[in-house]
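> Make a model of this:
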Amino acid sequence: MLNHFPCSHAWSLKNDYDRLLNNFQLLDVMPLGSGALAGNPFNIDRLKLAENLHFSQITPNSMQAVSDRDFIADFLFWASMVGIHLSRLAEDFIIFSSKEFEFVTIDESFSTGSSLMPQKRNPDSLELIRGIGGGLFGQCCSFMMVLKSLPSTYNKDLQSDKEAMFTTFDKLTSILEVTTGTVKTLKVNSEKCRSALSYEMLATDVAYYLVRKGVPFRTAHHIAGRVVAEAEEKNVNICDLTLEELRSISSYFEVDVGRVWNYENSIEQYQATGGTAKSSVLTQINILKSWLKSQDGEEKACQPN
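Residues are numbered from 1 along each chain as shown. Sure, this is the predicted structure:
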């Protein structure tokens with residue numbers, strides 16, 4: 001389960017990478033030859049020019065080409081999504097590093113001491129990631145409002161695209177670097193994670209147990225709720241209810257219900273692709289590693305000799 005959680009964030013970032021590649025394809029359009037708005041009055045072969053400049057397409061309409069800033073909006077939206085994903089990652093680790101949880105420890109190089117409490121360390125790096133992530137969306141929203149009411153062809157309002165794009169690029173680069181360093185130096189406190197487990201978490205597994213006995217899920221869910229209520233009334237964990245007490249709720253409970261009270265079994269039952277079973281998580285990790293290796297190979301191939 002410890003691996004399943006970071007994989008969930010890794011998949012989001014992979015989607016961001018793929019989305020960026022899609023943006024590159026949309027950018028592969030040459031506007032040259034559009035003039036100020038009406039095109040070019042000279043006998044210029046734009047298709048040949050695009051070929052020489054290694055563009056795959058040309059803009060089909062000169063007025064649209066002059067006023068088009070969709071590619072800036074696409075970049076700002078993409079950056080906003082990356083910022084949101086990084087912010088969600090940061091929020092998870094902020095919670096997990098708090099005194100109430102202590103599931104992870106933020107390295108001192110990415111945290112600072114409290115100005116008031118000497119025993120406290122603040123996850124400043126993660127808080128900055130979370131804050132800047134919101135600012136990235138602000139840039140996107142602001143520029144979209146510039147675009148929404150412009151008349152055709154070029155208008156000076158479009159100059160604001162530079163500030164929005166360059167500021168967003170700089171801020172996104174900074175939080176990507178901080179995120180990389182924070183995650184690399186993060187320490188997982190496995191024992192704290194395990195000690196936070198409670199048998200009430202397995203209440204759904206009680207319903208699954210009954211479903212495997214042939215009980216419809218709607219009914220099984222209701223029975224599981226009665227089991228939880230019985231345990232609360234007796235002030236015990238649900239695993240401490242006797243077989244007789246369970247059978248007084250439903251005759252479908254048998255001796256093998258004891259297998260439900262096992263966290264490892266609970267995790268391993270999710271064998272479907274994308275689930276928490278070890279085999280599924282290892283498949284995810286292998287796919288992500290292979291993908292990263294392939295991207296590294298492509299990056300090296302693009303570098304000049």
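> Okay, helices next: where are they in the stretch 1-150 of the chain?
4-27, 46-52, 62-67, 70-97, 124-147 (DSSP state H, counting those that start in this stretch).
> Flag every buried residue along the fourth one.
It refers to helix 70-97. For helix 70-97, burial by neighbour count (16 or more other C-beta atoms under 10 Å) applies to 72-90, 92-94, 96-97. Placement of C-beta: from N, CA and C, glycine included.
> Repeat that for stretch 135-143.
For stretch 135-143, the neighbour count (16+ other C-beta under 10 Å) marks Gly135, Leu136, Phe137, Gln139, Cys140, Phe143 as buried.
> measure the second one to Phe143 for me?
Pointing back at Leu136 there. 11 Å (C-beta to C-beta, to the nearest Å).
> Now for these two: what residues contact both?
Common contacts of Leu136 and Phe143 (C-beta atoms under 8 Å, 6 or more residues apart in numbering): Leu76.
> one step back: wait, which of the buried residues of stretch 135-143 is closest to Asp45?
Asp45 has its nearest neighbour among the buried residues of stretch 135-143 in Phe143, at 34.2 Å by C-beta to C-beta.
> Roughly how far does the closest one sit from Asn286?
When distance is defined by C-beta to C-beta, Phe143 is 40 Å away from Asn286.
> swap in Ser80?
If you measure Ser80 against Asn286 using C-beta to C-beta, the figure is 31 Å.
> shaky segments in the stretch 1-150 of the chain?
By pLDDT under 70, the low-scoring segments of the stretch 1-150 of the chain are 1-2, 115, 118-119.
> now do 90
By pLDDT under 90, the low-scoring segments of the stretch 1-150 of the chain are 1-3, 25, 35-37, 39-44, 99, 111-122, 149.
> before we move on, what about the stretch 151-300 of the chain?
Low-confidence segments of the stretch 151-300 of the chain (pLDDT under 90): 152-155, 295-300.
> how does it look with 70?
Ranges of the stretch 151-300 of the chain meeting pLDDT under 70: 297-300.
> give the contact list for the nearest residue to Phe110 once chain neighbours are set aside.
Spatially, and ignoring its direct neighbours in sequence, Phe110 is nearest to Ser125 (4.0 Å; C-beta to C-beta, 6 or more residues apart in numbering). Going by C-beta under 8 Å, 6+ apart, Ser125 touches Ile106, Phe110, Ser111, Val178, Gly181, Thr182.
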